[in-house]
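# Need a 3D model of the following:
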Amino acid sequence: MARDRKRGWFRVAEVLLIPPMLVLMKRRWHGRGHIPRTGGAIVVANHISKIDPITFGHFVHGAGRVPHYLAKVELFEHTVLGRIFRGTDMIPVYRGGENAGASVQAAVQAVRDGLCIVVYAEATITRDPNLWPMVGKSGAARIALESGAPVIPVAQWGAHRILAPYSKRPSFLPRKTVHVRAGEPVHLADLAGRELTPEVLAEATERIMAAITAELEVIRAERAPAIRFDPRRAGVAEYGNPHGRDSAEDR
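Okay, the predicted model is just below:
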């Protein structure tokens, strides 16, 4: 069975990214003990900034796990990022088309091999005007129900103050506070073994989104909207920069 090991590129990322993060931001981390120290696990979070993969990964790393991201395939095509992503065993995500299912199966196998995968439940930066978690995608639910691995909900807040959604100009000073909070594993046991119908996947996905939202409510000390934002119903593009000026990395 594969081990949750650190490869060369991951060690490079540790050296290059963690020290600056310690200097440039204040951390408020809670609940890392909910992330299993060993064995397959699925850590699922909200997405509010292009920089939060770093803060999210830092949190998972601090829990003693190597984070293996599911990341959009376009990032693997980048000259530098692609080499890093492949060198750290990231899993490319194909949105739509005949290769879409390959990402899920690769993630299921990784979890069965004992790795810790990290997933953005919404598959992109939230479109909610106030940055609450929007309607989620079913990928995390499908991986969980096929693998039987625990799903750990994580909420994060504050990274958007360092780099606003779709902005290319970070603001490090004054130092921003980044909150990351993990909750107890999402209850999915009653759905295990059932046929993965759209209804079952929708129920599991909403439980995951509700758990993430509950943790974010604690961080923000306010209640989320009663109705989750749905970009399709709102007529907002699900992917890419909703404000235009799209690029490959925005998609």
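# Break down the stretch 101-250 of the chain into its strands, ranges please.
Taking DSSP state E, counting those that start in this stretch to define them, one finds strands in the stretch 101-250 of the chain at 116-120, 151-157, 176-182.
# List of residues touching the first one?
It refers to strand 116-120. Contacting residues not belonging to strand 116-120 are listed as 4, 35-36, 40-47, 56-57, 60, 65-70, 91, 107, 110-111, 139-140, 143 [C-beta atoms under 8 Å, 6 or more residues apart in numbering]. In short, each C-beta sits where N, CA and C put it, glycine included.
# Ok, which of the strands of the stretch 101-250 of the chain comes nearest residue 233?
strand 116-120 (20.6 Å; C-beta to C-beta).
# Please work out the average pLDDT along that closest one.
The average pLDDT within strand 116-120 is 94.
# Give me the angle between it and strand 151-157.
Here strand 116-120 runs at an angle of 50 degrees relative to strand 151-157 (axes from the mean of the first three to the mean of the last three C-alpha atoms, to 10 degrees).
# Paired strands for strand 116-120, with orientation please.
If you go by DSSP bridges, strand 116-120 pairs up with strand 41-45 (parallel), strand 67-72 (parallel).
# Any figure for the gap between the residue lying closest to residue 156 once chain neighbours are set aside and residue 93?
Spatial nearest neighbour of residue 156, excluding adjacent residues (C-beta to C-beta, 6 or more residues apart in numbering): residue 180 at 4.7 Å. Relative to residue 93, residue 180 is positioned 22 Å away (C-beta to C-beta, to the nearest Å).
# need the contact list for the most far-flung residue of the chain relative to its centre.
Of all residues in the chain, residue 174 sits farthest from the chain's C-alpha centroid, using C-alpha atoms, centre = their mean; the distance is 26.3 Å. By C-beta under 8 Å, 6+ apart, the contact set of residue 174 is empty.
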